[in-house]
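Undergrad: turn this into a model:
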Amino acid sequence: MLEIFRPAQYLNSIYEIDFEGLKRSGIEAVILDLDETLLPRELLHITPALFSFIEGIKDKGLKICLISNSLYPERVEYVARTLKLPYLTLAAKPLPFAFNRALRELKTTAGKCVVVGDQLFMDILGGNLAGMRTILVKPMSRETFWLRIFMRRAERWVLRKLGLLS
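TA: So this is what the prediction gives:
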């Protein structure tokens, strides 16, 4: 039953992802989460390193779409426009609606798309349910909100059960 939460990869950060290898394996598009995947939740500053990182993915011929559950759509829009990416806000992940909209936006299919995010119960579950390859990355900062702290504990329990965390 827990297999629905299993990511194809579990990495320390987005910077460890082998996008060239993904491209060689038939991946055409990347769906990226924003908060704690690309930027810490409380930050808005897009560093030159992040901008260069995103441009490097595009240079490999991969299409990118940001999807966020953030309650601050203006923040998502600002980041997406700065990085010159299509985006979807108030996505209601892990429900499939935003994932399917992103596929249409990216003009690709689930089998040719990878979802990258920091939340097992939102990003990874949603991507897996949609039939996409998934990559879980560790969150960029510690949680401070009680509900997210609880969710992170539950995620660690599932990751241990899956043998991905000791």
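
Undergrad: so which strand or helix has residue 158?
TA: helix 146-161 (DSSP states H and E).

Undergrad: any idea what residue 57 is structurally, helix, strand or coil?
TA: helix (DSSP: H, G, I helix; E, B strand; the rest coil).

Undergrad: and the strands in the chain, which stretches?
TA: Secondary structure of the chain (DSSP state E): strands located at 9-11, 29-33, 63-67, 87-88, 113-117, 133-137.

Undergrad: redo the ones you listed as a markdown table? Include mean pLDDT.
TA: As requested, those are exported to a markdown table (pLDDT from 0 to 100):
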| stretch | mean pLDDT |
| --- | --- |
| strand 9-11 | 98 |
| strand 29-33 | 98 |
| strand 63-67 | 98 |
| strand 87-88 | 96 |
| strand 113-117 | 98 |
| strand 133-137 | 98 |
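
Undergrad: so which of the ones you listed comes closest to residue 158?
TA: The closest of the strands of the chain to residue 158 is strand 133-137. By Cβ to Cβ, the value is 10.6 Å. C-beta coordinates here come from the backbone N, C-alpha and C atoms, glycine included.

Undergrad: give me the helices and strands touching that closest one, please.
TA: With contacts defined as 3 or more Cβ pairs under 8 Å, 6 or more residues apart in numbering; DSSP states H and E, strand 133-137 has these neighbours: strand 9-11, strand 113-117, helix 125-129.
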